[in-house]
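Undergrad: one predicted model, sequence on top.
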Amino acid sequence: MARIRSVKPEFWDDRKLAKRTSRDTRLLYVGLWNLADEHGRLNGDPLWVKGKIFPFDDDIDAKAITAMLDELAAPGLECVICYEVEDDPYIFLPKLAKHQRLEPWKVESRLPAPPRLNGNSSEPGSDQSVPGSDRLPFGSNSSEFGTDESAPSYVAGSMEHVAGSMGHGGRARRRATRIPEGFAPTADMTAWARATFPHIDSARETEKFIDYWESRGDKGALKLDWAKTWKNWLRNADERFPRTRGSPSRQPYRNPDDQSRYETEELRA
């Protein structure tokens, strides 16, 4: 299933990638993000990839896709890793977390891991100090797969795990962070908002949510789980902006001061 992915402005400033790959190859790379799961894995059949990313381009065939994947897999770039499991081809994107907020701890991948990340502690890619590392795309030795060392093993999203930082009982500690740059609700979060609060303009509330938390400079702006903080924001909006009985349409604020008070007060989350 394709996923909504965002492209950070910094991507276009990647001089090394631009100098070493063609324009079509860079477009292919971005397209692969849409096809990869939260673990950075996707079907690696060149014909399938061509049909998903370049369905209307007759000048690009499976052979051209293979050549572009070779460009991305070249030493010094290692943007993709092509591998096979039981004769079926797969692709792994070791740098996907540099470009996207991923939540691999929330869902199992339906695709097999690259051989060196199969959870076997004897394999050099496995990090058994992190719970569930056999399911995550990044191990303690992920640099062996060409991962950008500046990219975090877990990208700030709803929760940040710190590899090797364990609390009592072997549970990973969570670290509060500021709102992630480029925060945006996931498709699941948006669907939840529409189903739960159909009378609330979640897009507008998200804009206010981001502006509010980006403007906070105190310790109160640090949160453990930004997805839950966002959901609580909408719940607070619902309390101040109740739906009309029997209708999902929005209802005006009770008086003009309510809106001003709502947009300026600190909402606890």
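TA: Cool, got the structure.
Undergrad: domain-wise, how is this protein divided?
TA: Annotated domains of the chain cover 9-174, 187-264 [automatic domain parsing].
Undergrad: pick out the shakiest of those domains, pLDDT-wise.
TA: Mean pLDDT is lowest for domain 9-174 among the domains of the chain, at a mean of 72.
Undergrad: contacts for the helix or strand harbouring Asp211 next, please.
TA: Assigned by DSSP states H and E, Asp211 belongs to helix 202-215. Applying CB atoms under 8 Å, 6 or more residues apart in numbering, the contact partners of helix 202-215 are 178-179, 183-185, 190, 193-194, 221, 223, 229-230, 233-234, 237, 263, 267. All C-beta atoms are positioned from the backbone trio N, CA, C, and that covers glycine.
Undergrad: by contact count, what packs against the helix or strand just after that helix?
TA: Later in the chain than helix 202-215, the nearest helix or strand by DSSP H and E is helix 226-240. Helix 226-240 sits against helix 187-196, helix 202-215, helix 256-264, with contacts defined as 3 or more CB pairs under 8 Å, 6 or more residues apart in numbering; DSSP states H and E.
Undergrad: contacting residues around Pro46?
TA: By CB under 8 Å, 6+ apart, the neighbours of Pro46 are 62-63, 65-66, 69, 89.
Undergrad: mind checking which of the residues you listed are buried?
TA: Among the contacts of Pro46, those scoring as buried are 65-66, 69, 89 (criterion: 16 or more other CB atoms under 10 Å).
Undergrad: out of the residues you listed, which is nearest to Val80?
TA: Leu69 (5.8 Å; CB to CB).
Undergrad: phi and psi next, for that closest one.
TA: Phi and psi for Leu69, reported as degrees, to the nearest 10, are phi -60, psi -40.
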